[in-house]
Structure formats: structure tokens, C-alpha cells
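Undergrad: Just to be clear, the model below is a prediction. Sequence and coordinates:
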Amino acid sequence: MNTTIMNTQFLDLIKTRRSCRRYKPEQINDRELQAVLEAGTYAPTSKGQQSPFIVAVQDATQLAQLARMNAAVMGTDTNPYYDAPTYIFVFVPEDGRNPIQDGSCVMQNMMLAAHALGLATCWINREREMFATDEGRALMRQWGLPDGLMGIAALAIGYAAGTPDAPKPRKDGYYRIIK
């Protein structure tokens, strides 16, 4: 494949990815989920330690619990995950070298992979607060995660129930080149 074409396709993927806040109830298939999770595992991590942990949840009871927990942190009673059929959580060691950066790279890889597969995502926050609670720590133990982790973020992921808005124009002076 021509490198220029490949780069253009990749840049188009980046340019067309949008956050989704309306999902169809239909569950994503296992192959799609596996591909998104695998993309997360190829994110760069500090010293190549692969320290993040990724947990995908599709169980309806746990989805409801997680939505309630996040909504409580946010001070609302609506579903902060927008009723997506799958939530993907990223955890990192609290004492990690660059935990926020490592977890953020995992999130970005998964968002781009999902978009490439025709799936929609939205980056969700407040997982740090959610999983610092007794209830959150209990869930982490139930999921078989080691002690000493903190939540970084989550993805709401599924099939979009609508067409995303066009991107806003990029602001002038967004980047600079210093030679």
C-alpha cells in the first residue's frame, strides 16, 4: 500500500472520530470488542511496562451499578455513559511512573480502533472518584484486579443512534513550528 494513501486514511480516521452520546441498545459483537481491547494493549506505556489494566463490562446489572456510581460523583441521576451497551474501564497503578499518560494513550488507541470498526465511543470521566470508594474497590476485587490501582477513564461504546455532528473548524494558531 502506498504510504501517502495510508497516512491520508489514518488522518481521515482521526479527523472523523466524534464523541457519541446516543447509542442503539444492540450489543457490539465479541470480535469488535476484542479488536478494540487489543488496540488498547498496543498503546505506548512508560518504560514499556504495560502497567494499565482494561476491563470491559457488558453485564446489565453491573452497567446499572456503574452508571449509578458515576452519576453520584457527577451529582445527577442520568446515565453518564449515555446508555451505551458496553463500558470499557482503564486502570493504572497509583504509584506508576506516568499513570495518566499511559491510561490516556490506551483510551485514544481504543477510540480510534472503535471508529475504524464503525463503532461509536465517548470518553467518560470520574472513574478515579468512583473506584476510590468502598463500592468501587469491591468491584475491582470482584474483577480480579490487583490492589493499588486507580481508575483513569472509561469508554461508552456501541453503535451510534444517529449521525455525529461535523467537526468544529480548527482554531487559528493551534500549533506552531519553531525552526
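TA: Arrived safely, thanks for sending. Numbers count the residues shown, from 1 in each chain.

Undergrad: Any stretches of the protein with poor pLDDT?
TA: Low-confidence segments of the chain (pLDDT under 70): 1-6.

Undergrad: surely Y82 meets Y23?
TA: Yes - between Y82 and Y23 there is a contact at 6.0 Å, judged by C-beta atoms under 8 Å. In short, each C-beta sits where N, CA and C put it, glycine included.

Undergrad: Between the two, which has more neighbouring residues?
TA: Neighbour tally, Y82 and Y23, criterion other C-beta atoms under 10 Å: the higher count belongs to Y23, 24 against 18.

Undergrad: Any idea how far the helix ranked longest in the chain is from the middle of the chain?
TA: Secondary structure of the chain per DSSP state H: the longest helix is helix 99-116. Distance of helix 99-116 from the chain centroid (C-alpha atoms, centre = their mean, to the nearest Å) equals 6 Å.

Undergrad: What is the subsequent helix or strand relative to it?
TA: strand 120-124 (DSSP states H and E).

Undergrad: in that next one, what counts as buried?
TA: Within strand 120-124, the residues that count as buried by 16 or more other C-beta atoms under 10 Å are A120, T121, C122, I124.

Undergrad: Also stretch 123-138?
TA: Within stretch 123-138, the residues that count as buried by 16+ other C-beta under 10 Å are I124, R126, E127, R128, E129, M130, F131, G136.

Undergrad: Show me the contact partners of it.
TA: Outside of stretch 123-138, the residues within contact range by C-beta atoms under 8 Å, 6 or more residues apart in numbering are 19, 65-66, 69-70, 73-74, 80-81, 87, 89-91, 107, 111, 139-140, 149-156.

Undergrad: Now, those that are in helices?
TA: Checking the contacts of stretch 123-138 against DSSP H, those in helices are Q65, L66, M69, N70, V73, M74, M107, M111, L139, M140.

Undergrad: Nearest to Q58 among those residues?
TA: Proximity to Q58 was ranked across the ones in helices among the contacts of stretch 123-138 by C-beta to C-beta; first place goes to L66, at 11.2 Å.

Undergrad: Which residue, other than its chain neighbours, is closest to the closest one?
TA: Once flanking residues are discounted, L66 sits nearest to Y87: 6.0 Å by C-beta to C-beta, 6 or more residues apart in numbering.
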